[in-house]
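Chemist: Sequence and predicted structure below; questions after.
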Amino acid sequence: MPDAQGQGFRPRRSVLYVPGDNPRALAKAASLDCDAWIVDLEDATDLTTEINLHAPALFPDSYLPDIHLRLVLYKRIASTENEESLQALQEEVIDRFGGLPEPSRVLFKAAGLKIRAKRLGIRKIDAGAKGIRIEFVDKPPIDPGSVLRLLQSAPRRYRLDGPNRLRVQGDFPDAESRV
């Protein structure tokens, strides 16, 4: 196509939309020659369980410089459904790229916590330096008696904060202590 002055050709710009819940499509997109690609995570993310450890949880550029590979690995981590699969993926990453830096260890710990939390009917965990807030779904698959025993065992440390929220008081200085 000629440009506005009728001289030469302007290259077309291409944007590729990729479903984030399809690892093969993500891998294929990384190999295609396009100007940009957008990963659609709407269907790929698990909206039922959110984990916030208030600590970096990622693959640093210095550890894994290929952005496309990082995206594929993030998706694979997010789609693991059990701790065995997550452990196998962690071992694969270590075998391919070497020992994990701290933010990547936190990433795998957060993913493991998410798997365990989902089984307990936990919708959200917000873990900071001074405490942890846990929000359950409306009817979690846990024994209410065990929650009551926990509350009675250390009333200053554990308390209910509404009908489906548990608050844990304490000092949690790093991500390791928050998991």
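Modeler: Alright, I've got the coordinates.

Chemist: longest helix in the chain, by residue count?
Modeler: The longest helix of the chain (DSSP state H) is helix 102-119.

Chemist: quick check: mean pLDDT across that one?
Modeler: The pLDDT scores in helix 102-119 average 95.

Chemist: In terms of secondary structure, what does the host helix or strand of Arg24 contact?
Modeler: Arg24 belongs to helix 23-31 when elements are defined using DSSP states H and E. Judged by 3 or more Cβ pairs under 8 Å, 6 or more residues apart in numbering; DSSP states H and E, the packing partners of helix 23-31 are strand 15-19, helix 67-79. C-beta: built from backbone N, CA, C; applies to glycine.

Chemist: so the helix or strand bottoming out on mean pLDDT in the chain versus helix 67-79, what angle?
Modeler: In the chain, no helix or strand scores lower on mean pLDDT, DSSP states H and E than strand 36-40, which sits at a mean of 71. Interaxial angle, strand 36-40 versus helix 67-79 (axes from the mean of the first three to the mean of the last three Cα atoms, to 10 degrees): 0 degrees.

Chemist: Which positions within stretch 26-34 qualify as buried?
Modeler: Of all the residues in stretch 26-34, those buried under the rule 16 or more other Cβ atoms under 10 Å are Leu26, Ala29.

Chemist: what comes into contact with that stretch?
Modeler: Here stretch 26-34 makes contact (Cβ atoms under 8 Å, 6 or more residues apart in numbering) with Ser14, Val15, Leu16, Val18, Gly20, Trp37, Val39, His68, Leu69, Leu71, Val72, Lys75.

Chemist: Quick check: buried residues in the longest helix of the chain?
Modeler: 104, 106-115, 117-118.

Chemist: Run through who's touching that helix.
Modeler: With contact meaning Cβ under 8 Å, 6+ apart, helix 102-119 is reached by 46, 48-49, 51, 53, 55-60, 63, 77-78, 80-83, 86, 90, 93, 100, 125, 141, 175-176, 179.

Chemist: Next secondary structure after it?
Modeler: strand 122-128.

Chemist: Give me the mean pLDDT for the following helix or strand past that next one.
Modeler: Once the chain leaves strand 122-128, the next helix or strand it forms, by DSSP H and E, is strand 131-136. The predicted model assigns strand 131-136 a mean pLDDT of 96.

Chemist: partner strands of strand 131-136, parallel or antiparallel?
Modeler: strand 122-128 (antiparallel), strand 165-169 (antiparallel) (DSSP bridges).

Chemist: coming back round to it: distance from the chain centre to the longest helix of the chain, please.
Modeler: Between the centre of helix 102-119 and the centre of its chain there are 7 Å (Cα atoms, centre = their mean, to the nearest Å).
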